[in-house]
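Asker: build me a model from this:
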Amino acid sequence: MISVQRCIKIVALVALLLLSQTAWSQDYSMYFDTTETAPSGSSIQIRCMLDNPGGNIAGWSFGVCEDTSANDYDFTAASDGEATLTSNGGQPAAFAELTICPGEGIIQGVVIDFVGIQSLPAGTGYEMIIVDVDLLGPDDTFAPVNYCNSSFSCSASGVETLVVPPGGTAPIIPELTEGLIEIGGLPPFSLSAATSAASSDQGTNIGVDINVDAPLDYYGFSLGLAHDGTKLTLISAEPGSSLQALNGGAGPEYFLPVLDPVGADGLVVACLASLDSGSLSTIPAETGAQLVTASYDILETATPGSTSLSFTGDLVPASGSPATPILIALGSIAAIVSTSGASFEITEAPLGTQFKRGDFDADGNVNLADPINILQYQFNNGPEP
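Answerer: Okay, the predicted model is just below:
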């Protein structure tokens, strides 16, 4: 097996560089996304992130050390992040080794392309790995997590935390930023959208559900869901099944959908389970709860292909009003909310009128008008079918 340290030397050889010097640069940085939080005994994910505004990168290596002084958390699993999986011209890196050393830390080494054609473009917010973390410490704890150069018992060689630019440039030690894992915080909520079909013809209708994974009871929410107005027209938005069940089946006391926000195409929804400040009711915790069900007409002129519906906090419900945020109310504080939109394929409608047996007047319906029109045509010089 190729060691991580040898991996980085391969990157340098690809760049025709003898590793004789290492530079340090603030133009390259490694840090953590530790926005997920949960009570003690729960599990979360953290992300190891990379910024490289200073230029392209041919590969990287790093170690992440667990803070064992208080044993507040434990790394249980890790997987390659988006940058590792797509940096080689949209494909996974040519070499990516990921090692978990229980109770010690994690090592990753990446070579994007052995022949040096592909590299990670200059940019920010690159996800190197995703780490599953069990929270062991007491609530109201902030536990540190750090990048490190260390020798782990499960690895034959030590690891150097560095990045290697392409084209004959010395390896660079990036700026390293400590992360803090919060134990005892609120578990995150997740909003998602789902379409009633994976594809639909021009000139037809499609349904969209807005769902939530809610780990806690909550009082209400607001959200925006944007769409492409050159392809879709929003027809209606109604409370979903989880909201209809509130207040003994009477539904939420406040549910306001806005179908035509100012200067944009989208849906804005605000909802409160109850309005009685003396006795507020809540929306119960539930996974996959249907909050809103919406209906869209697909324009006959819509360009065939994929179209998306995306959550946004930028839609303005009325002139003079502020934009409606994506918010889930837990009382005096708001929940942490992640979002996942939806997309579907618009397909070209068949030419002409689709045949429907008994539909004499081709209006799409079979009803009493059809036999009357048939008799008119046969016996009274009525219009042809």
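Asker: check which helix or strand residue 48 maps to.
Answerer: Under DSSP states H and E, the secondary-structure element containing residue 48 is strand 43-51.
Asker: buried residues, that strand. List them.
Answerer: Neighbour-count burial for strand 43-51 flags 44, 45, 46, 47, 48, 49, 50, 51 (criterion: 16 or more other Cβ atoms under 10 Å). For the C-beta atoms, the positions are set from N, CA and C on the backbone; glycine is no exception.
Asker: and the pLDDT at the fifth one?
Answerer: Confidence per residue is given as pLDDT, and for residue 48 that number is 98.
Asker: return the residues in contact with the residue nearest in space to the middle of the chain.
Answerer: By Cα atoms, centre = their mean, the chain has its centre lying nearest to residue 340, at 4.4 Å. Counting by Cβ atoms under 8 Å, 6 or more residues apart in numbering, residue 340 touches 190, 191, 192, 193, 311.
Asker: out of the buried residues of strand 43-51, what pair is the most spread apart?
Answerer: The most widely separated members of the buried residues of strand 43-51, counting by Cβ to Cβ, are 44 and 51 (22.4 Å).
Asker: strands of the stretch 51-200 of the chain, start to end?
Answerer: Applying DSSP state E, counting those that start in this stretch to the stretch 51-200 of the chain gives strands spanning 59-65, 73-80, 95-101, 105-111, 126-135, 141-148, 162-164, 172-176, 179-183, 189-195, 199-201.
Asker: for stretch 294-308, give the mean pLDDT please.
Answerer: Averaging pLDDT along stretch 294-308 gives 97.
Asker: so how far is the first residue of that stretch from its last?
Answerer: Criterion Cα to Cα, to the nearest Å; first-to-last residue distance in stretch 294-308 is 14 Å.
Asker: give the buried residues for it.
Answerer: 294, 296, 298, 299, 302, 307.
Asker: with distance to residue 175 as new columns, can those residues be given to me in a markdown table?
Answerer: Listed next are those as a markdown table, based on distance: Cβ to Cβ, whole Å:
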| residue | distance to residue 175 |
| --- | --- |
| 294 | 45 |
| 296 | 46 |
| 298 | 49 |
| 299 | 49 |
| 302 | 47 |
| 307 | 40 |
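Asker: now the nearest residue to residue 60 once chain neighbours are set aside, which residues is it bridged with?
Answerer: On the basis of Cβ to Cβ, 6 or more residues apart in numbering, the spatially nearest residue to residue 60 that is not a chain neighbour turns out to be residue 163, at 4.5 Å. Beta bridges link residue 163 to residue 60, residue 172, judged by DSSP bridges.
Asker: hey, where'd the helices end up in this protein?
Answerer: With DSSP state H as the definition, the chain shows helices at residue ranges 4-14, 82-86, 241-244, 246-249, 369-379.
Asker: on that earlier part again, buried only: go through the contacts of residue 340 for me.
Answerer: Judged by neighbour count, with buriedness set by 16+ other Cβ under 10 Å, the buried members of the contacts of residue 340 are 190, 191, 192, 193, 311.
Asker: partner strands of the longest strand anywhere in the chain, parallel or antiparallel?
Answerer: Taking residue count as the measure and DSSP state E as the definition, the longest strand of the chain comes out as strand 286-298. Paired neighbours of strand 286-298 in the sheet (DSSP bridges): strand 205-214 (antiparallel), strand 232-239 (antiparallel).
Asker: so residue 362 touches residue 385, yeah?
Answerer: Yes: applying Cβ atoms under 8 Å, one finds residue 362 in contact with residue 385, separated by 7.2 Å.
Asker: residue 160 contacts residue 149, correct?
Answerer: Yes: with contact taken as Cβ under 8 Å, residue 160 and residue 149 are classed as touching, separated by 5.6 Å.
Asker: distance from the chain centre to stretch 182-194, please.
Answerer: Shown here is stretch 182-194, whose average C-alpha point lies 12 Å from the average C-alpha point of the whole chain (Cα atoms, centre = their mean, to the nearest Å).
Asker: span of that stretch from start to end?
Answerer: Length of stretch 182-194, first residue to last, Cα to Cα: 31 Å.
Asker: average pLDDT for that stretch, rounded please.
Answerer: Per-residue confidence for stretch 182-194 averages out to 91 on the pLDDT scale.
Asker: and for stretch 127-141?
Answerer: 95.
Asker: okay, it in PDB with CA atoms only?
Answerer: This file holds the C-alpha atoms of stretch 127-141, laid out as PDB (Å, rounded to 0.1, in the frame of the first residue of the first chain):
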ATOM      1  CA  GLU A 127     -14.700  19.500   1.200                       C
ATOM      2  CA  MET A 128     -11.800  17.000   1.700                       C
ATOM      3  CA  ILE A 129     -13.500  14.400   4.000                       C
ATOM      4  CA  ILE A 130     -16.600  13.900   6.100                       C
ATOM      5  CA  VAL A 131     -16.100  12.500   9.600                       C
ATOM      6  CA  ASP A 132     -18.700  10.800  11.700                       C
ATOM      7  CA  VAL A 133     -18.300  11.800  15.400                       C
ATOM      8  CA  ASP A 134     -19.900  10.300  18.500                       C
ATOM      9  CA  LEU A 135     -20.400  12.900  21.200                       C
ATOM     10  CA  LEU A 136     -19.300  11.500  24.600                       C
ATOM     11  CA  GLY A 137     -18.700  14.500  26.800                       C
ATOM     12  CA  PRO A 138     -21.200  16.400  28.900                       C
ATOM     13  CA  ASP A 139     -23.600  18.900  27.500                       C
ATOM     14  CA  ASP A 140     -22.500  22.500  27.200                       C
ATOM     15  CA  THR A 141     -19.000  21.400  26.200                       C
END
